[in-house]
Every structure is written in C-alpha cells, then in structure tokens.
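J.: fold the following.
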Amino acid sequence: MTSLLTSVDLGKSFCTCRFWQITAISRINENPKDYCHYWLTMEAYRSTYMHSLNPIPGQDLLEKSHYNRPLAPKIKRNPGP
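T.: Down below sits the predicted model:
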C-alpha cells in the first residue's frame, strides 16, 4: 500500500494539494481559469482534436494486388502430450 505525501510550507501558504491556492482564488472572486496554463484549457484541447481523420475504404474497395498473399508461418509442435 502506498501513501500520498503532502508537502506544506506555512510561511508561503503553499501546499502540494493546491488547496490554499484554490481557496485564495475563490475568496478574491477570481476565475480559476485565469490561473490555468493555456495547454490545460478546453480551447487548447478542442484545437488539438479539431482535425478529423477520414476512414479508409472497406476491404471490398481496396485495389487488388498482383503479388502473392503472405502465408502464415508453419507451426512446429513439440512431441508429447
């Protein structure tokens, strides 16, 4: 079993769980999004995934190859039960 360790600095009012930062932001009526890095916003997420990939055509629409089809490797079975 592992335990999560939390680091607290009373002089700086800092805690690794970020509880003090969240409560301070809410007490001064600020928007927490203003303190979030752009890469962690929904706007950045949406811009990352806004491009879509088109599916490839089904097997019946693929071009027929003139090369031989690959064969599965031969299976060697060990003697015995």
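J.: what are the contacting residues of stretch 34-45?
T.: Applying CB atoms under 8 Å, 6 or more residues apart in numbering, the contact partners of stretch 34-45 are 21, 25, 33. Every residue, glycine included, has its C-beta placed from N, CA and C.
J.: and residue 38, what are its phi and psi?
T.: phi -60, psi -40 (degrees, to the nearest 10).
J.: so for it, what's the pLDDT?
T.: Note on residue 38: pLDDT of 89.
J.: on that earlier part again, would CSV of the contacts of stretch 34-45 with secondary structure be doable?
T.: Formatted as CSV, the contacts of stretch 34-45 follow (DSSP: H, G, I helix; E, B strand; the rest coil):
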residue, secondary structure
21, helix
25, helix
33, helix
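J.: out of those, who's nearest residue 15?
T.: residue 21 (8.1 Å; CB to CB).
J.: pull out the buried positions in stretch 58-68.
T.: Within stretch 58-68, no residue is scored as buried using 16 or more other CB atoms under 10 Å.
J.: got the end-to-end distance for that stretch?
T.: Between the opening and closing residues of stretch 58-68 lies a distance of 20 Å (CA to CA, to the nearest Å).
J.: the protein: helices as residue ranges?
T.: 19-27, 42-48 (DSSP state H).
J.: so can I have CSV of the ones you listed showing mean pLDDT and mean neighbour count?
T.: Formatted as CSV, those follow (pLDDT from 0 to 100; neighbours: other CB atoms under 10 Å):
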stretch, mean pLDDT, mean neighbour count
helix 19-27, 74, 12
helix 42-48, 91, 10
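J.: need those in CSV with distance to residue 81, can you?
T.: Formatted as CSV, those follow (distance: least, CB to CB, whole Å):
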stretch, distance to residue 81
helix 19-27, 63
helix 42-48, 55
